[in-house]
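Novice: What follows is a predicted structure for the sequence shown.
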Amino acid sequence: MSTRRIEVNSIARLEGEGSLKVRIEDGMLRTVQLNIFEPPRLFEALLRGRHFQEVPDITARICGICPIAYQMSSVLALESALGVDVAPELHDLRRLIYCGEWIESHVLHIAMLHLPDFFGVPDGLSLAEAHPEIVQNALRLKAAGNQLLRVLGGREIHPVNVCVGGFYKVPPRSAFDPLRDELAWGLDTARELLTFASSLDFPVFTNDWELLALQPATEYPFNGGPLATSTGLHFSVEEYDQHLMEFQVPHSTALHSRRRTAENAAPLQLGPLARLRLNHDRLTPQARQAADAAGVRPDENNPFRSLLARAVEVVFACEEALRILDDYRMPKVPRATVTPRTGEGFGASEAPRGTCHHHYGVDENGLITSARIVPPTAVNQTAIESDLHRYLSQNLDADDETLRHGCERVIRNYDPCISCSVHFLELDIQRG
Amino acid sequence: MTPTRPRLAVFKLASCDGCQLTLLDCEAELLTLSQHIEIAYFPEASSRKLEGPYDLALVEGSVCTAADQVRIQELRAASRHLVTIGACATAGGIQALRNFGNSAHWPALVYPSPEYLDTLPQSTPIADHVAVDFELRGCPVDKTQLLEVINAFLNQRAPSVPNHSVCIDCKRAGRVCVMVAKGTPCLGPVTHTGCGAICPGFDRGCYGCFGPKAPPTSSLVRPLAALGQPADATRRLYRSFNAWAPDFRRESEALEDE
């Protein structure tokens, strides 16, 4: 028997650390293991005994790229546990700060991490030598997202202004003045970025996994549900555990997830393609028009084209941020009053890489008694491994270097945030 | 651009990636920076990974696994200057809350099969393992301070990073003190500068994310108690992202004994 092993020991251009091990025996693909070796930081344990108002500051530290996602899911879950209603104008401000995070995170991924694959260069800085305008504009667009986070959150990484009930302080309308022109420029630039990206040469590849995303009544999703899947399932954020379960595999410090009822069901896929499928009709007018013009369909099933879905969402985030700013009147109170009580609550929001689900218990003094956090990359692991399986099966004759590069691309399609998945990535292809 | 640009490496141990993201967040300065230094190893940003030796290594994250204990030694051996960036690398991070004991059961609270994990009982800063040339504080680090540190090492001079308290920044900004005027507990008087005193600017108390200022100032335990803050709340205030930094640790442990 001959064995061929392909290893990627630390996959580049990901947030966090992971590796991949592939084993091919007698020309047959035997195993594909995405290893996440990000050291466990045990957030769900260290949150116990903390006061509910400390939670958004702590969960932000799960991920420096998408702290807002962790802050939002936790405040939604805690507000549900504590019976707090948040005023509509504060809901809009939460959408606004999330727009900043999507712009910053999506543009980082598109321009600095993902696009280099399409040009055969190692990084965004090398891409800047060949396409200076694309990269310079992207960096300015990303800076606009960060500026939004600074104005409303205090700083771009681990913002300090989000709390259970709303915000510590709401800015006056004038604080946003410098942002309006930059976001208007950003909206045009995001459309150009989408047009540019739509002309890329995407590998021919499809999958048919079960897509899952939040699907609010009228808006393109950020905060709150209900949830929907591409197979027609609809359920509330509270019913999450009735439909999905987590399980552990030895090769990963990130727990996997699957549908509870169907052991052999297709893997779950979260993120921009899932959101687009389930919420295309909720896109803002210019975003929908830009998607149509770029040929991005709601039923995109090529994970490489997730780059385009991200670009559509950047157009959306700029347009939505401008809408919220146009309507903005400084709320009379920055947050709802919150009184501690015993309770249990669930919350979910759309991190740039997919639905982020939180569940907490609180005691009568407002201290956390239990915490469970399901990060999107953890859920996407099975879909990533399944895509890798499909990609490798279709390309077994290729040499190791081609396979290694191809596998890294398949993984990057998911913009995996391995620090987030609490639990990182190594490619080891064994073949014979 | 010359062929002898100094070589920069960025490494990550247990962390959230936020501090290395600060380097990518230098949007306007990033392209200029790359003309003066060669980014030899920065896996989050580039698939080009060059072997050492490196002139400057920036290390994010704390040591939590046996594998990382080995990695940090290799990294030190390959690096002329080694700078820790952020609260995890400098003080052990939020994950160092496990260091305070009674945490043996924690892995089982998170994982159905904790035996699959390779994790050390404590999360420790880099300086506990190897010699560190400069420790940059913050959760996350501040962009301006980070650029100053890189600039200093490129020019072979000591970094000029101020070490006064957040409280001073707040006074300079002319803000009304949240502790005096509103009775809001605030770690500003004992916390290292760098954030721009953003929390008091947003009507909340400083929660110490830049860690203790050096040299340490007098304890805040009594003034906080005088505000009516219960001891366990003060203990939690000291026990967050820099909980294992000696000055903060001493305060929170003293409150435990009470």
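Specialist: Arrived safely, thanks for sending. Numbers count the residues shown, from 1 in each chain, chains lettered A, B, ... in the order given.

Novice: Identify the residue nearest the geometric centre of the chain.
Specialist: This is for chain A. Within chain A, the residue whose C-alpha comes closest to the C-alpha centroid is residue A:353; the distance, by Cα atoms, centre = their mean, is 1.6 Å.

Novice: Chain B, not that one
Specialist: Taking Cα atoms, centre = their mean, chain B has its central residue at residue B:87, 1.7 Å away.

Novice: Check the secondary structure at the nearest residue to that residue once chain neighbours are set aside for me.
Specialist: When the adjacent residues along the chain are set aside, residue B:87 lies closest to residue B:139, with 3.8 Å between them (Cβ to Cβ, 6 or more residues apart in numbering or on different chains). C-beta coordinates here come from the backbone N, C-alpha and C atoms, glycine included. Following DSSP: H, G, I helix; E, B strand; the rest coil, residue B:139 is assigned to coil.

Novice: OK, contacts around residue B:139?
Specialist: If a contact means Cβ atoms under 8 Å, 6 or more residues apart in numbering or on different chains, then residue B:139 has A:61, A:158, B:18, B:86, B:87, B:88, B:93, B:94, B:209, B:210, B:241, B:242 as its contacts.

Novice: Show me where the stretch 151-300 of chain A has its strands.
Specialist: In order along the chain, the stretch 151-300 of chain A carries the following strands (DSSP state E, counting those that start in this stretch): A:162-163, A:166-167, A:210-214, A:227-229, A:234-235, A:244-247, A:256-259, A:268-269.

Novice: give me phi/psi at residue A:349?
Specialist: Reported as degrees, to the nearest 10, the phi and psi values for residue A:349 are phi -140, psi 170.

Novice: which SS state does the nearest residue to it once chain neighbours are set aside fall under?
Specialist: For residue A:349, ignoring the flanking residues on the chain, the nearest one in space by Cβ to Cβ, 6+ apart is residue A:72 at 4.1 Å. Residue A:72 carries the three-state label helix when classified by three-state DSSP.

Novice: Residue A:72 against residue A:221, yeah?
Specialist: No: checked against Cβ atoms under 8 Å, the pair residue A:72 and residue A:221 is beyond contact range at 11.4 Å.

Novice: Please say which of these two ends up with more neighbours.
Specialist: residue A:72 (29 against 24; other Cβ atoms under 10 Å in any protein chain shown).

Novice: quick one on the thing from earlier: who wins for proximity to residue B:59 among the strands of the stretch 151-300 of chain A?
Specialist: Taking Cβ to Cβ as the measure, those were each checked against residue B:59, and strand A:162-163 came out nearest at 28.8 Å.

Novice: strand partners of that closest one, parallel vs antiparallel please.
Specialist: Using DSSP bridges, the strands paired with strand A:162-163 in its sheet are strand A:166-167 (antiparallel).

Novice: Could you check how far the residue nearest to the centre of chain A is from residue B:195?
Specialist: Taken as Cβ to Cβ, to the nearest Å, the spacing of residue A:353 relative to residue B:195 amounts to 27 Å.

Novice: Same check on residue A:57?
Specialist: The gap separating residue A:57 from residue B:195 is 13 Å, by Cβ to Cβ.

Novice: picking that back up, looking at the strands of the stretch 151-300 of chain A, which is buried most?
Specialist: Each of the strands of the stretch 151-300 of chain A was assessed for mean neighbour count using mean count of other Cβ atoms under 10 Å in any protein chain shown. The highest is strand A:268-269, with a mean of 28.

Novice: That one - which strands sit beside it in the sheet, and in what orientation?
Specialist: strand A:210-214 (parallel).

Novice: Show me the contact partners of the strand it pairs with.
Specialist: Here strand A:210-214 makes contact (Cβ under 8 Å, 6+ apart) with A:221-222, A:224-231, A:237, A:259, A:265-270, A:273-275, A:277-279, A:348-350, A:354-355, A:379.

Novice: Please, where are all the helices along the stretch 101-250 of chain B?
Specialist: B:106-110, B:143-154, B:166-172, B:178-182, B:198-201, B:221-226, B:231-238, B:246-257 (DSSP state H, counting those that start in this stretch).

Novice: The stretch 151-300 of chain A too?
Specialist: Taking DSSP H, counting those that start in this stretch as the criterion, the stretch 151-300 of chain A carries its helices at A:177-198, A:240-243, A:272-279, A:285-293.

Novice: Would you mind finding the most buried of the ones you listed?
Specialist: For those, ranked by mean neighbour count under the definition mean count of other Cβ under 10 Å, the leader is helix A:272-279 at a mean of 25.

Novice: Quick one: neighbours of residue B:227, just the number.
Specialist: If we define neighbours as other Cβ under 10 Å, then residue B:227 has 16 of them.

Novice: hang on, residue A:301 in a strand?
Specialist: No: assessed with three-state DSSP, residue A:301 is coil; it does not lie in a strand.

Novice: That one and residue A:205 touch, don't they?
Specialist: No: counting by Cβ under 8 Å, residue A:205 is not a contact partner of residue A:301; they are 9.2 Å apart.

Novice: In terms of neighbours, single out the busier of the two.
Specialist: Set residue A:301 next to residue A:205 and count neighbours by other Cβ under 10 Å: residue A:205 wins out with 19 against 16.

Novice: shouldn't the more buried one be in contact with residue A:303?
Specialist: Yes: the criterion here is Cβ under 8 Å, and residue A:205 meets it with residue A:303 at 6.9 Å.

Novice: list residues touching both of these two?
Specialist: Common contact partners of residue A:205 and residue A:303 (Cβ under 8 Å, 6+ apart): residue A:387.

Novice: Contacts (any at all) between chain A and stretch B:251-258?
Specialist: No: contact of stretch B:251-258 with chain A is not found when judged by Cβ under 8 Å from any Cβ of the partner chain; the minimum separation is 12.6 Å.

Novice: What is the burial count for residue B:173?
Specialist: As a burial measure, the neighbour count of residue B:173 was computed by other Cβ under 10 Å and equals 11.

Novice: for the nearest residue to it once chain neighbours are set aside, what are its contacts?
Specialist: In space, not counting the residues next to it along the chain, residue B:173 is nearest to residue B:197; the distance is 6.1 Å by Cβ to Cβ, 6+ apart. Taking Cβ under 8 Å, 6+ apart, we find residue B:197 in contact with B:166, B:167, B:169, B:170, B:173, B:175, B:188, B:206.

Novice: and the residue of chain B found nearest chain A, how many residues sit next to it?
Specialist: Among the residues of chain B, residue B:18 lies closest to chain A, at 2.2 Å counting by Cβ to the nearest Cβ. Under the neighbour criterion other Cβ under 10 Å, residue B:18 is assigned a count of 28.

Novice: Would you list the phi and psi of it?
Specialist: With angles defined as degrees, to the nearest 10, residue B:18 shows backbone torsions of phi -70, psi -40.

Novice: can you pull the contacts of residue A:169?
Specialist: If a contact means Cβ under 8 Å, 6+ apart, then residue A:169 has A:161, A:334, B:201, B:202, B:203, B:204 as its contacts.

Novice: isn't the second one right up against residue A:172?
Specialist: Going back to what we said before, that points to residue A:334. No: with the criterion set as Cβ under 8 Å, residue A:334 and residue A:172 do not qualify as a contacting pair; they are 11.7 Å apart.

Novice: the more surrounded of those two?
Specialist: When residue A:334 and residue A:172 are compared on other Cβ under 10 Å, the one with more neighbours turns out to be residue A:334, at 19 against 9.

Novice: show me the contacts for that one.
Specialist: Per Cβ under 8 Å, 6+ apart, neighbours of residue A:334: A:90, A:166, A:167, A:168, A:169, A:170, B:203.
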